[in-house]
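K.L.:
Here's a sequence, model it:
(4 chains, ligands or ions: 4)
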Amino acid sequence: MPGYSGFRILTEGLRGNSGWKPAWRKAAPKPSYDVIVVGGGGHGLATAFYLASEHGITNVAVLERGLIGQGNTGRNTTIVRSNYMLPENNNFYEHSLKLWEGLEQSLNYNVMMSQRGVINLFHNEAQKNAALRRGNSMRLNGIDAEILDRDGVKAMCPIVDVDNGRYPVMGGLLQRRGGTARHDAVAWGFAHAADARGVDIVEHCEVTGMIIEGGAIQGVRTTRGEIRAPKVGLAVAGSTSTLTAMAGFDVPIETHLLQAFVSEGLKPLIDCVVTFGAGHFYVSQSDKGGLVFGGGLDGYPSYGQRGTLPTAEHVYSAGVSMIPALGRLRGLRSWAGVMDMTPDGSPYICKTPVQGLYMTAGWCYGGFKATPGSGWCHAWTIAKDAPHRLNAAHTLDRFREGRMLDERGNGPFFWAQ
Amino acid sequence: MLRIPCPHCGARDEVEFIYRGDATVTRPGPDGDVGAFHDYLYLRRNPRGWQVEWWQHNGGCRTFLKVLRHTVTHEVRAVATATETLEVPGA
Amino acid sequence: MSQRFRLPSGGHVDRSKRLSFTFDGRAYDGHHGDTLAAALLANGVRLVGRSFKYHRPRGIFSAGAEEPNALVELRDGARREPNTRATVAELFDGLAATSQNHRGSLAFDWMAVNGLLAPWLGAGFYYKTFMWPASFWERVYEPMIRKAAGLGRASGLPDPDHYEAAHAHCDVLVVGAGAAGLAAARAAGATGARVILAEQDFLLGGDLLNEPGLEVWRQESIAALEAMPEVTLLPRTTVFGFYDQGVLGAVERVADHLPQPPAHTARQRYWTIRAKEVVLATGAHERIIAFPGNDRPGVMLAGAARTYARRYGVRAGETAALFATQDAAYDAAFALAEAGTRIAAIIDPRGDSAAMQRAREAGFTVKPGCVVTGTVGGNALRGVEIGAVGSGGRGDAVPADVLMVSGGWNPAVHLASMSGSALSWDEALLAFVPGAASQHERSAGACRGVNGIGAAAADGAAAGQAAAVAAGFAAAPAITLPEAPAPDHRPYELWEVKGRGKAFVDIQDDVTANDIRLAHREGYSHIEHAKRYTTHAMGTDQGKVGGLVGAAVLAEAREEPVAKVGLPRFRPYTSPVAWGAIAGGEVGQHFQPVRRTALHGVHEALGAVWMDAGIWKRPAYYPKAGDADAWASVKREARAVRERVGVCDVSTLGKIVVEGPDAATFLDRVYANTFSTLQVGRARYGLMLREDGIVFDDGTTTRLGHDRFFVTTTTAQAGPVMQHLEFHLASAWPDLDVSLASVTDQWAAMSIAGPKAREVVAAVVTGLDVSNEAFPFMAVADCLATGVPARLFRISFSGELAYEIAMPAGYAAQVWRAVLAAGAPHGIEPYGVEALGLLRIEKGHVAGSELNGQTTAQDLGLGRMLKKKGDFIGRVLAQRPGMTDPSRPRLVGLRSVDPARQIRAGCHLIVDGRSQGWISSATQSVVDPGWIGLGLLRDGETHIGSVIVAANPLMGEEVPVKVVSPHGYDAENLRVRA
Amino acid sequence: MSAPEPVHPLAGVARGRHGAAGDAPLRVSFPARDIVQVMVRRGQDAALAAAMRTAFGIDAPGPGHTASGSGVTAIWIQPGQWLLTAPRTTEGALAVRAAEAFSTCAAVADQSHGRTTIAVSGASAREALSRGCRIDLHPRAFGPGRAASTPIAQIGCLVHQTDAAPSFELTVFSTLAEPFLHWLLEAGAPFGVEIA
Ligand SMILES: Cc1cc2nc3c(=O)[nH]c(=O)nc-3n(C[C@H](O)[C@H](O)[C@H](O)COP(=O)(O)OP(=O)(O)OC[C@H]3O[C@@H](n4cnc5c(N)ncnc54)[C@H](O)[C@@H]3O)c2cc1C
Ligand SMILES: NC(=O)c1ccc[n+]([C@@H]2O[C@H](COP(=O)([O-])OP(=O)(O)OC[C@H]3O[C@@H](n4cnc5c(N)ncnc54)[C@H](O)[C@@H]3O)[C@@H](O)[C@H]2O)c1
Ligand SMILES: Cc1cc2nc3c(=O)[nH]c(=O)nc-3n(C[C@H](O)[C@H](O)[C@H](O)COP(=O)(O)O)c2cc1C
Ligand SMILES: [Zn+2]
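P.N.:
Ligands and ions are numbered 1, 2, ... in the order given. The predicted model follows:
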């Protein structure tokens, strides 16, 4: 299939755009593959792409129960950053950010990665100290980070009210290389590129069971029949527990719902990503002009993909408290996604108790930024049957061993951070 | 918005309650080992469907309640006090 | 300018009330009862905006909330509101509106060149380009795209108005006050049920407002409802979402129809409505037909033109054409003809119908079997091209300045869908109608496809009564219903007229039928993919006028029925909702309540500088004249404690009375150390772990009686600890007979610390011997302080001889004053949280920054506190290898080698070039001047005595620090026991 | 030595008229109350009920209800827990009475300083309260002698209706009384508020 380019846009435009072909084939499942990836979100598609591009494993199927990219990948607030504190997370997310930085070219698809900067505001001494600890951790690991004082925040994002709120802004931790990417395009781009390397992307194919013999995976049962493979990788986000239950084990995951919101389209107003430190609120402006914003969890397990008013009230009031000019703007739409929350807030990219079954899961509300990194490490783990150095700590067993990766210190599921 | 019928206070908005985990796991006794405590604290059925959950009516009568709730429809079918048991339909 | 298009009479405007307003700076007049759109049309203003992508000229398209085009910036200054639909904005005197989304003027927008580039700017073009060279994306392309994005401009200024929340409960909520809704509310109200009727319009009546013949019934209905005490009428109230368990959200525009809200009046009110039963009577939205040029100013929905004529007394133009696919739309032609507009042609793809015959009888030119193939004109419509169905070619042009379009009606199923109902396809109406209800709800009238005012009213009455009965009320006698014949709403299936030129399916976002086909060609064939790829139905109207048309175009491309393609998922909000409304009053200074101790006023009088501790305000320090800076104040206060005596408000600590026969057993299980052995009248420091073995909280607990303990918690954890205790009593140990009472607010407390503390305490307290022998370290006793019943604790956080006096909060101020008076001869100083922190860091006591949810007891050097026998929370999991790993960072003391060089919490501790820990707390010492801190350092003990580096690359600092014992100050605790 | 009067948490609030002018304002006052929390011991419910009857002439009210006798009102707050309230007399007096009455059957905690009561009355009271109170105060759902704990404006509040005027007593944590009153003044501003 001819790639995408400015030249093609030009020639197709002259021909009435009649020559475009599907960005990925609507593949029907074959009876067997070398690797099956379950879940056609960003993580599953990226896993397939890197299996093909990094490890030469192209006899791969991505099985998606609905449409690709309609899970959390298609409904998140698109913040990309690598500002973590614990070295295990820090290094992983930075690897992911570096992959983002070259993604357009690797995929031949513009995911509209926009490194407009991410500021996490802090409002008191304790928060400032935590920001310093985190930012210094980043810097010592070679990751860009800057500390802003109030004037710095004002200069970078003048619309933020630094003085008058209940919790005046003291400063912010800025990662300039952080930013946003166009969520749907990430799924489509990985699909496009994986497909170009021979991966079968099978939509409307729900995995309903696991075929396990002698403790080893043999394949999966689906709504479109049995499909065999000696290796299966799970990348199903909030549905992870359902899949592992099919494989006969429980995992440390609770599925919670997180809402997001978009405002009406506006002329450029907020030029970076800003996160309120005194309540749950973060906002950025989409390339279409809508303010995309969100906050914390609704606070109870849900697979329902829809949220509730009290959480929205908090998000909106935190928003106006941070940026009083938002009051007269309007919310256009709200929705929710279902996230796989872990006891310590950090993910799993690992082998499982079943031989040949792997997973990337537990991304909580921060897995969009991890998409390329997760796919890359998951692919490595599947290809080598062993984790890469970058995901060696992200195991299911870490709680048995007492080696939690708890960035915020909230403790198991609290609730659910 | 969830409305949970507290057996003491009547139906109240979700903001009055705090979710506090799966109510079917119970704390191991004094003999519990690391494995038992690990499973109690970390492993979750996390069902897509009916689940019996702990909720505290902290904005009202402060009691811990067991709530049978569907994790897709959010329907609340039964509420019991801490010492009562609730069965998951079909389980 | 005169209102050239205003009829002399008729409608619901008050011609005796003239209102002046401006649009793009030009002055016009309108009337009370007008919307901005009606008033603009009355003045002959056609061009009102520019489209999103191609900046095409746009006019008023609808007469209601579904408006995709006529979006303006309303008001100015800090009250500027972008994207306001002129079709719902009520006119008020002095209203100022501005058109948006153009560079240059509205009439000459040079961004309109985008239209010429359309072949290359089709759906999703940006995903396929702008990738080379890579650096150009960030520097050139992306800024360009972002600059072009968006519609209106935010003011950027704080919103001067306020908003309020309101909570409602009812038996029956009726949404929409058209014929169906009015009838439903009357029928439900008649049973005695509590009914709320919410209507987004400022007038109740819906389509009745276009039916002068039914005005009597409308008014009678409103009067009847107003007379029912349990019925609440909420005009100007949009129900924006249907949530779980019968909860709906709504916004009432309380003062948007006024220049600004009157004093003490909210601009908008945000309702949370809990309804036992809901009747949805939200009517229907007329839909567009995709044909080339269907977006030109002058093209509008047929029902809208009818509404402007009948309700507002405004002719939408001089010469009109109607393009309709069903009989119901014909009334628009009659309404306009009555208003004096010439009907140039009626274009209808059907062969014949009752309405066509009536039209012919009325003398209109009817073109059966025909469609509109294009429009003529620039910024305003001049003519309509007509061709035979399926002919494809360009037809003859008929002059017209308004083209009324009706492709049929889409029931407004948004709320029904949000409630969880599946939608079902109605083959006769060619539209989706609500399927089986999933909550306690029913739809009535046009929103479920029951059309005609008589039929809708009857449907509404039945639904209203059924709802009331379901809510437990007995049916009441039937209400009178209006009589009106029902026009035929069943359309001929025509979604698109193919031809040259852009045929829009989403006129706000410039999504054309070709874009939908391109999406399909590229594999984005599912409606949800096509939506996202093209942005179809993603604008402010969320596809109300064209959503289904886009789906139908996709269906054709997929060669599948529309029913199978479906619509994108409906979500809140049915109409965009002001941010401030949902935020309500909990914004700015009131984002969270301020919690004040009983001594707040005292601190204020002392000039305290405040700091936030959770929602508490606490004095950080008390500046005095002569203090060079904040540090000088803090050090002065700390020095007073070390050298003389100080007093500090510690009322914010959590306080819980644990009482009952099993209280001691319970405390043994929730604390890592033992309390059952504690003597009555003694306090003990306690360490509480989480079940995962991490330190949760610490504090002192006093045994007040055999079965009665007084537990204190840290300020931050007071709430979580209470919940933790309650949870374990309820879930793990329901057999224990223990009660818990939070007395945090009952008791105020102050710490009196320093070598002179005893003298001060002795002067304030009566009924107690406070000598070291009679009242040793960790003693507790009741006493009187300034004659007030109080409790004295001999405990110390500062490392000095110290007491805490707790007293019922109402007496705190008087005790404080007595303490200051008694301390005056000793040079007492009040000290704040900063000095408190300084003192405890010097002493090596851990606090919040060390108890950060990541540290174990061993990490903090408190491992010996863990009891060896008996179960307690955290015991088992604290033994996991990762928790006992000797290489975990351990608490150490730190001292800047150069006393003048500052170290900060958040610095990393570098050993052999690698980060091996961090500084958790830092301050300046007063006993041995210089910067000191506490930190967590891998193999901490082994580094004691050595010099390492505190690195703060964020601020460009690298400071050599000496690792020392955390307990450098008075390691033998002689001072606290003195 | 008799104890001097304690400082009321709302002592500094300006009395008189707040908000809009109008002839049906919300009437607000801050009655001084003794408040005692009573927590039954396991299996002592009957003994407690008997003690409450003997000592205070009150039949211990069930969930959502209050009952009064000889100047003292008992408000149900949690299963097995009540607040006893009475006009303030001398420091700790009610707590002492309660401790004696319930010495074998319940724990008692004095909350007279920990809780602050704000009385609200007037025709607009229900509507004003609905600006933050999420529970239904309609006469069909609530009424004199009813009480409920519910958060209002993020502050835990015990709402107790005392008569059909309607009049309510709102009891909140004393350290949050001031922001609570701020909310009440905002909620009542459109009707006007008269603070006695
Ligand atoms: C509202 C919201 C905001 C967020 N904001 C951010 C943010 O700003 N930054 C950030 O980094 N992260 C954010 N996240 C998190 C982020 O979206 C996710 O972590 C990430 O997108 C997960 O990608 P995924 O591919 O793992 O999951 P998904 O995209 O959810 O993909 C999983 C796929 O698995 C499929 N599936 C499930 N079960 C089966 C089965 N049995 N058979 C076949 N297929 C199955 C699903 O249909 C789905 O398509 C947010 C999430 C939400 C919901
Ligand atoms: N020819 C036309 O113009 C046309 C179109 C549709 C329906 N109708 C007629 O209308 C009558 C049907 O009456 P009906 O009562 O079903 O519909 P209606 O259109 O008369 O009334 C619906 C009402 O609901 C309100 N509404 C919609 N969504 C709302 C929301 N989210 N929140 C608050 N209010 C909301 C609308 O503003 C409107 O007033 C019939 O005569 C039908 O034929 C006429
Ligand atoms: C970053 C981002 C921006 C969005 N912008 C818009 C928008 O401008 N208009 C719109 O209608 N929806 C927008 N949406 C929301 C989607 O329409 C949709 O609600 C969301 O992807 C969830 O899908 P669902 O509502 O179909 O469940 C946006 C979503 C995201 C994640
Ligand atoms: Zn309750």
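K.L.:
quick one, helices of chain B?
P.N.:
B:34-41 (DSSP state H).
K.L.:
Repeat that for the stretch 551-700 of chain C.
P.N.:
For the stretch 551-700 of chain C, applying DSSP state H, counting those that start in this stretch gives helices covering C:562-565, C:579-583, C:600-605, C:630-643, C:663-670.
K.L.:
Tell me which helix or strand residue D:10 sits in.
P.N.:
Counting by DSSP states H and E, no helix or strand carries residue D:10.
K.L.:
Assumed residue C:463 was part of a helix.
P.N.:
Yes - assessed with DSSP: H, G, I helix; E, B strand; the rest coil, residue C:463 lies in a helix.
K.L.:
For it, give its distance to ligand 1.
P.N.:
Residue C:463 sits 35 Å away from ligand 1, going by C-beta to the nearest ligand atom, to the nearest Å. All C-beta spots, glycine's among them, are computed from the backbone N, C-alpha and C.
K.L.:
and what of residue D:24?
P.N.:
Going from residue D:24 to ligand 1 by C-beta to the nearest ligand atom gives 46 Å.
K.L.:
So that residue: helix, strand or coil?
P.N.:
coil.
K.L.:
what number of residues lie near it?
P.N.:
Residue D:24 sits with 11 neighbouring residues when counted by other C-beta atoms under 10 Å in any protein chain shown.
K.L.:
Could you pull up the residues touching it?
P.N.:
D:122, D:123, D:124, D:191, D:192 (C-beta atoms under 8 Å, 6 or more residues apart in numbering or on different chains).
K.L.:
how near is the residue nearest to the fourth one when sequence neighbours are not counted to chain A?
P.N.:
Take residue D:191 and drop its neighbours on the chain: the residue closest to it by C-beta to C-beta, 6 or more residues apart in numbering or on different chains is residue D:124, 4.0 Å away. When distances are taken as C-beta to the nearest C-beta, to the nearest Å, residue D:124 and chain A turn out to be 24 Å apart.
K.L.:
on that earlier part again, could you dump the helices of the stretch 551-700 of chain C into JSON lines and include mean pLDDT?
P.N.:
Formatted as JSON lines, the helices of the stretch 551-700 of chain C follow (pLDDT from 0 to 100):
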{"stretch": "helix C:562-565", "mean pLDDT": "97"}
{"stretch": "helix C:579-583", "mean pLDDT": "98"}
{"stretch": "helix C:600-605", "mean pLDDT": "97"}
{"stretch": "helix C:630-643", "mean pLDDT": "98"}
{"stretch": "helix C:663-670", "mean pLDDT": "98"}
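K.L.:
Of those helices, which is nearest ligand 4?
P.N.:
Counting by C-beta to the ion, ligand 4 lies closest to helix C:663-670 out of those; the figure is 22.8 Å.
K.L.:
The residue nearest to residue D:191 reaches residue D:188, doesn't it?
P.N.:
Yes - the pair residue D:124 / residue D:188 is scored as a contact, 7.3 Å apart, by C-beta atoms under 8 Å.
K.L.:
Which neighbours do the two have in common?
P.N.:
D:25, D:26.
K.L.:
what about those two, which has more around it?
P.N.:
The residue with more neighbours, out of residue D:124 and residue D:188, is residue D:188; 28 against 21, by other C-beta under 10 Å.
K.L.:
how many neighbours does the closest residue in space to residue C:531 that isn't next to it in sequence have?
P.N.:
In space, residue C:531 comes closest to residue C:568 once its chain neighbours are excluded; the distance is 4.6 Å by C-beta to C-beta, 6+ apart. When neighbours are defined as other C-beta under 10 Å, residue C:568 has 19 of them.
K.L.:
Residue A:410 now?
P.N.:
18.
K.L.:
Look up how far chain D lies from it.
P.N.:
Separation of residue A:410 from chain D (C-beta to the nearest C-beta): 21 Å.
K.L.:
Assign a three-state SS to that residue, would you?
P.N.:
Once three-state DSSP is applied, residue A:410 turns out coil.
K.L.:
The spatially most central residue of chain B: what's it in contact with?
P.N.:
Nearest residue to the geometric centre of chain B (C-alpha atoms, centre = their mean): residue B:53, 1.5 Å. Neighbour list for residue B:53: A:300, A:301, B:19, B:20, B:21, B:22, B:23, B:66, B:67, B:68, B:69 [criterion: C-beta under 8 Å, 6+ apart].
K.L.:
Got the confidence number for the residue nearest to residue D:191?
P.N.:
What the model reports as pLDDT for residue D:124 is 96.
K.L.:
List the residues that contact it.
P.N.:
For residue D:124, the contacting residues are D:24, D:25, D:26, D:188, D:191, by C-beta under 8 Å, 6+ apart.
K.L.:
Just the terminal-to-terminal distance for stretch C:278-291.
P.N.:
Start-to-end span of stretch C:278-291 (C-alpha to C-alpha, to the nearest Å) is 39 Å.
K.L.:
Quick one: check it for contact with chain B.
P.N.:
No - Stretch C:278-291 lies apart from chain B when judged by C-beta under 8 Å from any C-beta of the partner chain; the minimum separation is 14.0 Å.
K.L.:
what's the average pLDDT for that stretch?
P.N.:
Stretch C:278-291 comes out at a mean pLDDT of 98.
K.L.:
Then stretch C:30-43?
P.N.:
Stretch C:30-43 comes out at a mean pLDDT of 98.
K.L.:
Mind checking if it is in reach of ligand 2?
P.N.:
No - using C-beta under 6 Å from any ligand atom, stretch C:30-43 stays clear of ligand 2, coming no nearer than 12.2 Å.
K.L.:
Report the contact partners of the residue nearest to residue D:71 when sequence neighbours are not counted.
P.N.:
Nearest residue to residue D:71 in three dimensions, chain neighbours excluded: residue D:86, at 5.5 Å (C-beta to C-beta, 6+ apart). By C-beta under 8 Å, 6+ apart, the contact list for residue D:86 reads D:33, D:34, D:71, D:72, D:73, D:94.
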